[in-house]
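Peer 1: Got a predicted structure here, sequence first:
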Amino acid sequence: MIPLEDSPVTRDGKALILAYDHGLEHGPSADFGSVPETLDPEQIFEIGTHDAVTSLAVQKGVAETYYPSYDDSVNLLAKLNGTSNLWTGEPYSPQNWTVEYAAEIGADAVGYTVYSGSNHETEMYEDFRKVQEEAHSEYDLPVVMWSYPRGQGLKNDTKESVIAYATRIALEIGADMAKVKYPGSRESMEWAVQSAGEMPVVMSGGSKVSDYEFLSSVEAVMDAGGSGLAVGRNVWQRDDPEAILDALEQVIFEDATADEALDE
Amino acid sequence: MIPLEDSPVTRDGKALILAYDHGLEHGPSADFGSVPETLDPEQIFEIGTHDAVTSLAVQKGVAETYYPSYDDSVNLLAKLNGTSNLWTGEPYSPQNWTVEYAAEIGADAVGYTVYSGSNHETEMYEDFRKVQEEAHSEYDLPVVMWSYPRGQGLKNDTKESVIAYATRIALEIGADMAKVKYPGSRESMEWAVQSAGEMPVVMSGGSKVSDYEFLSSVEAVMDAGGSGLAVGRNVWQRDDPEAILDALEQVIFEDATADEALDE
Amino acid sequence: MIPLEDSPVTRDGKALILAYDHGLEHGPSADFGSVPETLDPEQIFEIGTHDAVTSLAVQKGVAETYYPSYDDSVNLLAKLNGTSNLWTGEPYSPQNWTVEYAAEIGADAVGYTVYSGSNHETEMYEDFRKVQEEAHSEYDLPVVMWSYPRGQGLKNDTKESVIAYATRIALEIGADMAKVKYPGSRESMEWAVQSAGEMPVVMSGGSKVSDYEFLSSVEAVMDAGGSGLAVGRNVWQRDDPEAILDALEQVIFEDATADEALDE
Amino acid sequence: MIPLEDSPVTRDGKALILAYDHGLEHGPSADFGSVPETLDPEQIFEIGTHDAVTSLAVQKGVAETYYPSYDDSVNLLAKLNGTSNLWTGEPYSPQNWTVEYAAEIGADAVGYTVYSGSNHETEMYEDFRKVQEEAHSEYDLPVVMWSYPRGQGLKNDTKESVIAYATRIALEIGADMAKVKYPGSRESMEWAVQSAGEMPVVMSGGSKVSDYEFLSSVEAVMDAGGSGLAVGRNVWQRDDPEAILDALEQVIFEDATADEALDE
Amino acid sequence: MIPLEDSPVTRDGKALILAYDHGLEHGPSADFGSVPETLDPEQIFEIGTHDAVTSLAVQKGVAETYYPSYDDSVNLLAKLNGTSNLWTGEPYSPQNWTVEYAAEIGADAVGYTVYSGSNHETEMYEDFRKVQEEAHSEYDLPVVMWSYPRGQGLKNDTKESVIAYATRIALEIGADMAKVKYPGSRESMEWAVQSAGEMPVVMSGGSKVSDYEFLSSVEAVMDAGGSGLAVGRNVWQRDDPEAILDALEQVIFEDATADEALDE
């Protein structure tokens, strides 16, 4: 594990990752249709300059095209693998850029999805190994694992034992941070955080919910010992992304409750 | 993304790609039978010297055999992968020449088909990654993606959301230009073009239709913000390829309508 | 395409390939049983010294063991892939020697079977790519493709459109010569030859038929613009291989008809 | 075979491996739920400093994060492969770190699971080959094989002939030590030990049983000529891990019986 | 083909290979149970010092552990691939050591099993190619092929045409010697030997039979032009291995009949 305290992708050991790979994972009509300006990557890079955001997670082409104008104001979390939702079959996610390519573009960290529980789990662990070892040994880059148990043998992929397994797998096979779904309660999140040992855990934001519901889950994550949040739609599908980022900054970095953050 | 303005394969940011890989994709009897002289690659290279054509897209053997006589008068878009239509199964397209080999023959750009939605999508993304990174890092060559969602899970591969997904995937995984099918209306094409951000999009010509129908669709593409056209049968299956190229030149590069171009 | 005029494996642009890989493809009992002395590779190398023969096509072990004694009198066409007929499944042919190994043994050209239409077509194209690029770039060796459409989706693998597709595929993916089955008529062969552009096409001999029937098909191939013949059983299963080679020499290299060649 | 007498991972040719990869193999809720402090790798590293323990077997991420503080007091057995139990299908275990990476972290030996009898057996043997040859040739590191016959064709994976096969396979394909399940009797264990020739064999501890039952099986293993034990849950799921380690030290290294060891 | 006359693994062009990889292929309980001392590799190495034995064929771990003490008195035939019989599916045999590793241990030749007729035939041919080319080009080591047609499409794997196919395949794809099953008669063996051209052929010993039956089959092999024998159980499962080796020496190297050899 590379200690993230020394990395630009955390602040005081906390992280707020702005995620924007939905164009690849879900398609533009599904996730950008409601707020068409979010189609334009430049809009999201602008949002990513907000102080609360510790890194912006995007795919290769978006980074290659837009990051050169933002490398002073945004930290780049290079999301190395990803896939469309057009095909069917056991989950797998191909690697779309090499660590070397990401490093050349200026990545501050790399991200990688692993679907434990898929019948392709074993391939994904080997893919992850190569990425992790190259990132650590050649480029001194931390690796954030999108740890998402999913596949034929898994019914409920957010129950407590599954999310705890997800954070533990990330620790065991060498991630420096895990991004997992919210297991539904503060207690379950606490078990997941403890399962990760010293490795920091952030919650994955998911689809858009109300301000209060969203901030409350973030508060629970922080109370449970979590290290922050990775968020996409719950920021850039809102009318005022800056306002929600202000609130998130308080909950994540300043120990505010959801109520306090909303009151301000 | 490599800005195509600096590339010989565009003019004023617009492109007219003459495509001629039908001998491999469909076989000579299917596509050359109606105009047997189109069997002869030399005929098509001659057509490719027309001013309107910004590049000629062919497979390796055709380039290796005929391009040496045309390297001063034609820009080569090396179509790196391709397959016959003799087999059955989920779509996949093997790589028939390396970027290095294409560069040695004098390619000005490379082209690659990706079938998102196929059960082989994940392999194709990884194949594409290697091509894109080698083209950019080693040879400074732009990469045009034939972005064709197709496969078991896809019913209608030209509906709006699919074509927009196609252009977005090209942007996300690092293409410098996308070639997609026409989604049926100017509005849908506009959504597809916007989904591609700064990356230029060209329409794929398809099977032969009337002059007016063809030019009207090209006009709609240009109005929608598209960057041009990739065309094969609609040029070289015509009695007078030069005449249609003259008309296309006006619509693509000189803002003419289909009517204006046909009147001339 | 490497122009074969400069290669020892043609004479005046024409080729007569003596093929002897039947021990691997069909087994000794099937093809050597009727004339047991043909079991002995040395016998075939002797036949291969006939002036009419422009190259001898054999597998690695046979070349390695017997070619050293014949490298002055026979041109070696190293047949790089091949398989037994003992297994079942979609056609595929593994590579049994590398181009490098063949070059060291003294090969003048390499040969490769490609089964377009097989569900393994895409693998075979990629295998072929590596062989073709290495042969051309590293060793300046021409590549002859055994272009045999075959597989689940193909009913009649010698109909006109299939054989024309076969020669076209060879041109498109970079062969320097194609070896195809006879499509049944001079007209169909002409279409296949034209589909190959400048690339020479030779007919595959097939199982033993009468002298007249055999020579007539060769005559038709030459009339159709073909460049010669690849033949095994129709030479070495005959009582007098030299006599049929004399006749073939006239039909292929001296424009004789089958009748003229037999009269002599 | 690298003689283990010269290795830090044995003492007097005997071994007590403390295993702690259960977080990956079974998940934290399954194996750490009953004694939650075992979630914390640091607790186990502390237990691993006991004199009786000749090495601690962990996965990459745990080693990378915690071993730097213990490299003076604990010998590291880098367990190179491992998988979750979330998926279904024929057994296979992916490699999660390279030998090189393990050597850099300071491993004293490497461990590798091989599921003979799985339909993936042949892949695992080839994976094992690469690990074994790199460990021996490049890093002079001994290789411990977790030799676990398992798969579609195997009913009872602890019967005498299977466990003897397991130790023999380890010898034949080049392990330096085999870790196998207890075949149920001293006689069967003796046959397994003899099947391994000069290669040492240790018993795998399995799930928690009573002190007496556990120590008796260890006694039987030592009587049968075994070289020791690999143990996880039977140590760290106990209230007093130190006490059971004291007892194990007597049985393994000082020829005590289970009774004698418990009396003390 | 590397002429074996210059190799230590033949004497006067004849070979007696002592095979001892049964621990891996069949398991210790199956093949060593009847004579438990055969469990101990050292016993077999001792038998291998008999003058009649031209080489001893073992797997990597056995060679690595025991060969250092016998490298002056035994020639090592490194059996590179092998598998257990615990799994089910189409025959395949993984490579358990590299040619390089075998050469470092002091191998005088390498051995490789190829299951023609298996649905994995094509993979095995490619595996064999790499081994053969590395053995010949890098280490000047001869390659003995265990040529065993076997698989879904094969009913009787010892009929004449199959065994002749087996020896021919070995010749065609580049073996220096073939080891095949006895096809049941001297005549069939003769056809198999002739199918191999100049390449020597040895018979595989099989399971234990009476002295007379065994020696008679060896006599028939020699009469048929065969070059010797590969034998395991018919030597080391006998009470007096030395006596049967004395007899084999006479039949293989001194043209004795089975009767003469037994009379002595």
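Peer 2: Arrived safely, thanks for sending. Note that the coordinates shown come from a computational prediction; the quantities given were computed from them, not determined experimentally.
Peer 1: ends of stretch A:222-231, how far apart?
Peer 2: 15 Å (C-alpha to C-alpha, to the nearest Å).
Peer 1: for it, which positions count as buried?
Peer 2: When burial is assessed from 16 or more other C-beta atoms under 10 Å in any protein chain shown, stretch A:222-231 yields the following buried residues: A:Met222, A:Ala224, A:Gly226, A:Ser227, A:Gly228, A:Leu229, A:Ala230, A:Val231. Using the backbone N, CA and C atoms, a C-beta is placed for each residue, glycine as well.
Peer 1: same deal with stretch A:247-254?
Peer 2: Judged by neighbour count using 16+ other C-beta under 10 Å, the buried positions of stretch A:247-254 are A:Ala247, A:Leu248, A:Glu249, A:Gln250, A:Val251, A:Ile252, A:Phe253.
Peer 1: And stretch A:197-206, by the same measure?
Peer 2: Quick answer for stretch A:197-206 (16+ other C-beta under 10 Å): A:Gly197, A:Met199, A:Pro200, A:Val201, A:Val202, A:Met203, A:Ser204, A:Gly205, A:Gly206.
Peer 1: likewise stretch A:75-86?
Peer 2: A:Asn75, A:Leu76, A:Leu77, A:Ala78, A:Lys79, A:Leu80, A:Asn81, A:Gly82, A:Thr83, A:Ser84, A:Leu86.
Peer 1: follow-up on the earlier one: which ones among the buried residues of stretch A:222-231 map onto strands?
Peer 2: Of the positions in those, A:Gly228, A:Leu229, A:Ala230, A:Val231 sit in strands, assigned by DSSP state E.
Peer 1: Please enumerate the helices of the stretch 1-150 of chain A.
Peer 2: Per DSSP state H, counting those that start in this stretch, the stretch 1-150 of chain A has helices spanning A:22-25, A:28-31, A:41-48, A:60-66, A:99-105, A:121-139. These are given in chain order.
Peer 1: Can you lay out the buried residues of stretch A:197-206 as a markdown table showing secondary structure and distance to chain E?
Peer 2: Listed next are the buried residues of stretch A:197-206 as a markdown table, based on DSSP: H, G, I helix; E, B strand; the rest coil; distance: C-beta to the nearest C-beta, whole Å:
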| residue | secondary structure | distance to chain E |
| --- | --- | --- |
| A:Gly197 | coil | 36 |
| A:Met199 | coil | 36 |
| A:Pro200 | coil | 41 |
| A:Val201 | strand | 40 |
| A:Val202 | strand | 42 |
| A:Met203 | strand | 43 |
| A:Ser204 | strand | 40 |
| A:Gly205 | coil | 45 |
| A:Gly206 | coil | 42 |
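Peer 1: can I get these in TSV with distance to E:Val143 and pLDDT?
Peer 2: As requested, the buried residues of stretch A:197-206 are exported to TSV (distance: C-beta to C-beta, whole Å; pLDDT from 0 to 100):
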residue	distance to E:Val143	pLDDT
A:Gly197	51	97
A:Met199	50	97
A:Pro200	54	97
A:Val201	54	98
A:Val202	56	98
A:Met203	58	97
A:Ser204	55	95
A:Gly205	59	87
A:Gly206	59	82
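Peer 1: from the stretch 51-200 of chain A, which residue is nearest to chain E?
Peer 2: Of all residues in the stretch 51-200 of chain A, A:Thr122 sits closest to chain E, at 16.8 Å by C-beta to the nearest C-beta.
Peer 1: Can you pull up the residues of chain A that come close to chain B?
Peer 2: Within chain A, the positions near chain B by C-beta under 8 Å from any C-beta of the partner chain are A:21, A:23-24, A:27-30, A:32, A:36, A:39-42, A:59-62, A:64-66, A:82-84, A:86-89, A:92-98, A:101, A:104.
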